[in-house]
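Enquirer: This is a predicted model, with the sequence first.
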Amino acid sequence: MSFIKKPDGKFTTEDKIKMFQQMGTVGAVIAVVFVILIESGIAGDKTPLAEMGLTAMIVVLAVSLIGSMYFKRKL
C-alpha cells in the first residue's frame, strides 16, 4: 500500500498523519502480544526479552502519538 498519492513523490501532511497512526496501531497490537506472552507465562525464560520488547513498543506508541499530534496541528 502506497502512502504517496502525488506524482511528484512528496508526502502530504495527511500522508504523514496516516503513517504515524498506522505505526501506532501496529505498535499497540505488538504491545498487546507482549503483554499476553508475559502475563500468561508463555515467554518462560525469555521474559526479560519480552519486557524489553514491550518497553520498545511503548516508545513507538509515544513517538507515533507525538508525531500524529504534531502534523494534525499543522493542518
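Expert: Everything's here; your move.

Enquirer: all contacts plus neighbour counts: C-alpha atoms, from now on.
Expert: Will do.

Enquirer: so where's this protein uncertain?
Expert: Where the chain drops to pLDDT under 70, the residues are 1-6.

Enquirer: For Ile42, the count of nearby residues, please.
Expert: Look at Ile42: counted by other Cα atoms under 10 Å, it has 12 neighbours.

Enquirer: before we move on, what SS does it have?
Expert: Of the three states, Ile42 takes coil under DSSP: H, G, I helix; E, B strand; the rest coil.

Enquirer: Repeat that for Val63.
Expert: Local secondary structure at Val63 is given as helix here, using three-state DSSP.

Enquirer: Now for it, how many residues are close by?
Expert: Residues within reach of Val63, counting by other Cα under 10 Å, total 15.

Enquirer: Same question for Asp45.
Expert: By other Cα under 10 Å, the residues close to Asp45 number 9.

Enquirer: residue contacts, Lys74?
Expert: Contact criterion Cα atoms under 8 Å, 6 or more residues apart in numbering gives Thr13 as the residues in contact with Lys74.

Enquirer: Could you check how far it is from Asp45?
Expert: Remark: distance between Lys74 and Asp45 (Cα to Cα, to the nearest Å) = 46 Å.

Enquirer: Please apply the same query to Ile66.
Expert: 34 Å.

Enquirer: just how off-centre is the helix or strand containing Pro48 within its chain?
Expert: Under the assignment given by DSSP states H and E, the secondary-structure element containing Pro48 is helix 47-74. Averaging C-alpha positions (Cα atoms, centre = their mean, to the nearest Å) puts helix 47-74 6 Å from its chain's average.
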